[in-house]
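J.: Predicted model, plus sequence, below.
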Amino acid sequence: MRWMWIDRVVELVPRQKMVAVKNVSLAEEHLHDHFAADSARGLTALPVMPTSLILEGMAQTAGILVGHAEEFKEKVILAKITRAEITRDATPGTTLRYTATIDRYDALGASTRGVVELLDHARPDRGFAPIGEIDLIFSHLDNNQGGAGRSGEAFPEHNFVFGHAFKTLLRCSGIPVQ
Amino acid sequence: MTRDEIFSKVRDVLVDALAVDDDEVTPTASLVGDLGAESIDFLDINFQLERAFSVKIAQGELFPEGVTQDPRFVKDGLVTAEGLSALKAKLPHVDFSAFEKDPQVGKVAKIFTVDTLVNFVEKKVNAKQPA
């Protein structure tokens, strides 16, 4: 399984905003464990996308937006979840839409704001409905290795953050990438 | 903007960024030692202060960069006199009086207190809007 938690980028306004979608599918193995049936407790299976993976989906959306700002030359690392609130379960057969906007951006990193919406394909008339907000902070790793309280760790020269899977996603979404 | 008003807004920023109670945010509280700030929180605080006070904070302006990694400024785990001068020049909003007595490089991050931030913002805001 590839660690990709968005399926397609549907809108990109460089340095400002990115929108991506994720189709929740019952073919995803983890949904059969989250939550599995528990006969001893008389509980039937309840496949629900883990909130942690919804967070990951927003982190990938916002991370690509931040990385795109400098043509993926910076190593963009999720550093902090400043706020996360999800109010409804995402079940198989629904589509999540992540909208990330850049709030602050500088050489050290970026802060982003994000809205998560859900489309229930059984009720298309309702359209995408907001189900949560996720605000994040990203660090430009190479610019945060010195200074007060920082790690001083050495990291590889090549950009290990944005690999082939991300580039494939962008190309499939019609976004040129080197 | 009065110093009390600045303190109030700085406190709101720290409560949000560090998930602390507002009564923990006292003028002398150390960001690292008392409020549990970690390295990435400094970036969060930087961004939130920019938003709260509508100012632009340049890289290294609020928190130092490079000084403690410079071999000219650190010897045997202590910040040298030259290093201390460099820090003072870069960070006029910081009170170094306690640090000077025990200038261990590992304690540099602890020099940042709530008052440090209030001092910094006061200068920034006054520079933007002279009284």
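T.: Looks like it came in fine. Numbering: from 1, shown residues only, chains lettered A, B, ... in the order given.
J.: Kindly provide the distance from residue B:85 to residue A:20.
T.: Using C-beta to C-beta, to the nearest Å, we find residue B:85 at a distance of 50 Å from residue A:20. For the C-beta atoms, the positions are set from N, CA and C on the backbone; glycine is no exception.
J.: So for the two, which sits in the more crowded spot?
T.: The neighbour comparison of residue B:85 against residue A:20 (other C-beta atoms under 10 Å in any protein chain shown) goes to residue A:20, with 26 against 12.
J.: So the more buried one, which state does it fall into?
T.: What DSSP: H, G, I helix; E, B strand; the rest coil gives for residue A:20 is strand.
J.: That one pairs with what?
T.: residue A:9, residue A:98 (DSSP bridges).
J.: for it, what are its contacts?
T.: Shown in contact with residue A:20 (C-beta atoms under 8 Å, 6 or more residues apart in numbering or on different chains): A:6, A:7, A:8, A:9, A:10, A:57, A:60, A:61, A:64, A:97, A:98.
J.: Turn these into JSON lines, columns for neighbour count and pLDDT.
T.: Formatted as JSON lines, the contacts of residue A:20 follow (neighbours: other C-beta atoms under 10 Å in any protein chain shown; pLDDT from 0 to 100):
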{"residue": "A:6", "neighbour count": "25", "pLDDT": "97"}
{"residue": "A:7", "neighbour count": "18", "pLDDT": "96"}
{"residue": "A:8", "neighbour count": "14", "pLDDT": "97"}
{"residue": "A:9", "neighbour count": "22", "pLDDT": "97"}
{"residue": "A:10", "neighbour count": "15", "pLDDT": "97"}
{"residue": "A:57", "neighbour count": "25", "pLDDT": "97"}
{"residue": "A:60", "neighbour count": "24", "pLDDT": "96"}
{"residue": "A:61", "neighbour count": "28", "pLDDT": "98"}
{"residue": "A:64", "neighbour count": "26", "pLDDT": "96"}
{"residue": "A:97", "neighbour count": "22", "pLDDT": "98"}
{"residue": "A:98", "neighbour count": "25", "pLDDT": "98"}
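J.: tell me which of these is nearest to residue B:63?
T.: Residue B:63 has its nearest neighbour among the contacts of residue A:20 in residue A:64, at 27.9 Å by C-beta to C-beta.
J.: Let me know the helix or strand that that closest one is in.
T.: Assigned by DSSP states H and E, residue A:64 belongs to helix A:51-69.
J.: burial count for the residue lying closest to residue B:24 once chain neighbours are set aside?
T.: What sits nearest to residue B:24 in space, not counting adjacent residues and going by C-beta to C-beta, 6 or more residues apart in numbering or on different chains, is residue B:35, at 6.4 Å. By the criterion of other C-beta under 10 Å, residue B:35 has 21 neighbours.
J.: ranges for the strands of chain A?
T.: Ranges of strands in chain A, per DSSP state E, are A:8-13, A:17-23, A:76-86, A:94-106, A:109-120, A:129-140.
J.: State the distance from residue A:27 to chain B.
T.: Distance, residue A:27 to chain B, by C-beta to the nearest C-beta, to the nearest Å: 36 Å.
J.: ok, that residue - how many residues close by?
T.: Around residue A:27 there are 7 residues (other C-beta under 10 Å).
J.: ok, now residue A:52?
T.: 11.
J.: Repeat that for residue B:8.
T.: 14.
J.: pLDDT at it, what is it?
T.: At residue B:8, the model reports a pLDDT of 97.
J.: Which strand residues bridge residue A:137?
T.: residue A:80, residue A:111.
J.: now do residue A:133
T.: With DSSP bridges as the rule, residue A:133 is bridged to residue A:85, residue A:115.
J.: Tell me who's in contact with it.
T.: Here residue A:133 is in contact with A:83, A:84, A:85, A:113, A:114, A:115, A:116 (criterion: C-beta under 8 Å, 6+ apart).
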